[in-house]
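Visitor: Sequence and computational prediction follow.
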Amino acid sequence: MIQILLLQLFFFGGDPRKIIEALFEKKLEAFITPEILEEYHETFEELQNKYPQKRIYVPVTQIAEACRMIIPDKTFEVCRDADDNKFIDCAYAGRCIYIVTGDKDLLDIHNFENIEIVTAAEFCKKYL
């Protein structure tokens, strides 16, 4: 199994949808923290308000249920956007191989402690 921290929110189709389907099929393992889950709920709500005509592919609760909830025991200060450090903390605690994201602040890091930070398209090209 490929361990992965899912950062990209799955409101739209394409490669993120492929990753969600692989997660539900247990082809990969994903991790989440309470803080990340809270951000996902807030972001989904914002996207629903911004794109009311868009159908949500998978509710946040279903994504959360497919992930392993963890509490990081170590924190890092590596991102330009300090709020994004929670994703690094989660990936490190989960011993993840990848962080899949569309966030430029995280993507600019490229790699942290052997955790590769890639886009959904890059991840799908390599593994799906």
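Guide: Noted; the coordinates are in hand.
Visitor: Per-residue pLDDT of the residue located most distally from the centre of the chain, please?
Guide: Here the centre of the chain is the reference, and by CA atoms, centre = their mean the most remote residue is residue 53, at 23.9 Å. Confidence at residue 53, expressed as pLDDT, is 78.
Visitor: Please, which helix or strand holds it?
Guide: Assessed by DSSP states H and E, residue 53 sits outside every helix and strand.
Visitor: how deep is residue 113 tucked in, by neighbour count?
Guide: Residue 113: 11 surrounding residues under other CB atoms under 10 Å. C-betas here are computed from N, CA, C, even on glycine.
Visitor: now residue 107
Guide: 15.
Visitor: my read: residue 103 touches residue 85, true?
Guide: No - at 11.7 Å, residue 103 does not count as touching residue 85 under the criterion of CB atoms under 8 Å.
Visitor: on that earlier part again, how about the residue farthest from the centre of the chain, phi and psi?
Guide: The phi and psi values for residue 53, taken as degrees, to the nearest 10, are phi -80, psi -10.
Visitor: same deal with residue 28?
Guide: The phi and psi values for residue 28, taken as degrees, to the nearest 10, are phi -150, psi 160.
Visitor: Now do it: how many residues are near it, please.
Guide: Neighbourhood size, residue 28 [other CB under 10 Å]: 21.
Visitor: what is it paired to in the beta sheet?
Guide: According to DSSP bridges, the residues that bridge with residue 28 are residue 2.
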